[in-house]
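>>> what's the 3D shape of this:
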Amino acid sequence: MVEVIIEHWDKLALGCGAILAFFGGRKTKVSKEKKEEAGALNSMQTAYNEFVIDQKEFVKDQKMQMDVLKLDLLSYRGELEGVKLSLVEAKKEIKTWKTKYNTLKKQFETYKKTH
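Residues are numbered from 1 along each chain as shown. Predicted coordinates:
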């Protein structure tokens, strides 16, 4: 038995080395995959963080624009109320002038009939 081992020690060493290399290679491959996965997760986290920051800025800008629009709307509502009041006054004045016109027209018709 010892003689067989001595005669074939190089083949046995090669076989043991191959087995160790196989398992060592698997371990290295798994370790490399974990590192790549961690790198990918870090990249995804960084991209997500940038996205969140961009979205917060976008929402902030939109809110500022809405606040400006609200102020403009309040201003326009005030102007519209002023226009409505002017319109009511103009309608009253038109009604007054129509009444005066109709009264004068009747007086004129009556005057024409009498003269």
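>>> Which parts of this protein are helices?
Assigned helices in the chain, in chain order: 2-7, 9-114 (criterion: DSSP state H).
>>> What is the neighbour count of H115?
5 (other Cβ atoms under 10 Å). Any C-beta I mention is one placed from the backbone N, CA and C, and that applies to glycine too.
>>> right, I mislabeled it, should have said Q55
Neighbours of Q55 (other Cβ under 10 Å): 10.
>>> Just the pLDDT for it.
At Q55, the model reports a pLDDT of 97.
>>> Distance-wise, check it relative to M64.
Using Cβ to Cβ, to the nearest Å, Q55 is found at 15 Å from M64.
>>> how about low-confidence regions in the protein?
Scanning the chain with the threshold set as pLDDT under 70 gives 1-2, 4-6, 8-9, 12, 20, 22-27.
>>> if you set the cut-off to 80 instead, what comes out?
Counting by pLDDT under 80, the chain has low-confidence residues at 1-36, 38, 115.
>>> which one of the helices of the chain is the most hemmed in?
helix 9-114 (a mean of 10; mean count of other Cβ atoms under 10 Å).
>>> Output the contacting helices and strands for it.
Applying 3 or more Cβ pairs under 8 Å, 6 or more residues apart in numbering; DSSP states H and E, one finds that helix 9-114 contacts no other helix or strand.
>>> I appreciate the help and will end here.
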